[in-house]
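Undergrad: please work out how this folds:
(one chain, ligands or ions: 3)
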Amino acid sequence: PVGLDITWAVDWVRQSAQVISEHRVELLTLDREIGDGDHGENMDRGFQAVLPKLDDLSAGSTPGDVLKLVATTLISTVGGAAGPLYGTAYLKAAAAAGDAVALDGPAIAAILAAGRDGVVARGKAESGDKTMVDAWTPAVEAAEAAAADGMDAAGVLAAAATAAEAGAVATEPLIARKGRASYLGERSVGHRDPGAESSALLLRAAADTAAA
Ligand code: ADP
Ligand code: MG
Ligand code: MG
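TA: Ligands and ions are numbered 1, 2, ... in the order given. The predicted model follows:
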């Protein structure tokens, strides 16, 4: 089958744990500026908790099974706002992946869209509210465009990651309207949203492991 399989999904989770741990201090510094300073800690705890569970996957496991494992682990370990939001994203992504053995470009775009829709359904944030949605939505749009252009799964993820990174940077001038940062109102201007940054890191990890 053409596309990204279980090996990629497991690699992505390992790379995610690695990258989140490397950026733990950066993420908690961003969250200290406009939140309560725990985003790096929350995300690192969640992804470190997934790692040992990867060994329990059976031989016939699919990428969807991996996404579901990440979802349930993040929901039970991350806490705060990000835990349920990311948990929902991975859960909806898992449902979109279904029992496919391999994910091609359109499947990857559909999975990202489902994840983003999950975040929006759960958190009710709109684009421009200075949340992780501002990384996810441009990522989904870029992924859908790349898939429509006939790019393969790795190319779709690369397009998504680049758009997510730009989306995270573009949160800096925004006024936060959701989550803890919204308590700061205009004082949130000039700071990057930590959840948008972690989302960009996770999508870059997905692209890097797909290209490897
Ligand atoms: P907490 O704010 O509970 O400490 P975290 O610090 O782990 O949780 O996560 C904060 C991130 O969660 C924010 O940077 C933002 O991206 C995201 N977030 C918060 N509320 C929402 C929401 N309603 N919709 C989308 N994302 C949100
Ligand atoms: Mg926080
Ligand atoms: Mg908190």
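
Undergrad: list the contacts for Lys92?
TA: Going by C-beta atoms under 8 Å, 6 or more residues apart in numbering, Lys92 touches Ala114, Gly115, Asp117, Gly118, Ala121. C-beta here means a position set from N, CA and C on the backbone, and glycine is covered the same way.

Undergrad: same question for Ala211.
TA: Counting by C-beta under 8 Å, 6+ apart, Ala211 has contacts Ala154, Leu157, Ala158.

Undergrad: which among those residues end up buried?
TA: Buried members of the contacts of Ala211, scored by 16 or more other C-beta atoms under 10 Å, are Ala154, Leu157, Ala158.

Undergrad: any idea how far the first one is from Ala147?
TA: Right, Ala154. To Ala147, Ala154 is 12 Å away according to C-beta to C-beta, to the nearest Å.

Undergrad: tell me how many other residues crowd the residue in the chain that ligand 3 sits nearest to.
TA: Using C-beta to the ion, the closest approach of the chain to ligand 3 is made by Gly80 at 3.8 Å. By other C-beta atoms under 10 Å, 18 other residues sit near Gly80.

Undergrad: over to Ala71?
TA: Ala71 - counted by other C-beta under 10 Å - has 23 other residues nearby.

Undergrad: same question, Glu186
TA: Using other C-beta under 10 Å, Glu186 is surrounded by 8 other residues.

Undergrad: same check, this time on the one 3 residues further on
TA: Neighbouring residues of Val189 were enumerated by other C-beta under 10 Å; the total is 14.

Undergrad: surely it and Pro173 touch.
TA: Yes. Taking C-beta atoms under 8 Å as the definition, Val189 is a contact partner of Pro173 at 6.1 Å.

Undergrad: right, and Leu53 touches Lys68 too?
TA: Leu isn't right for residue 53; it's Lys. No. Using C-beta under 8 Å, Lys53 is not in contact with Lys68, being 10.9 Å away.
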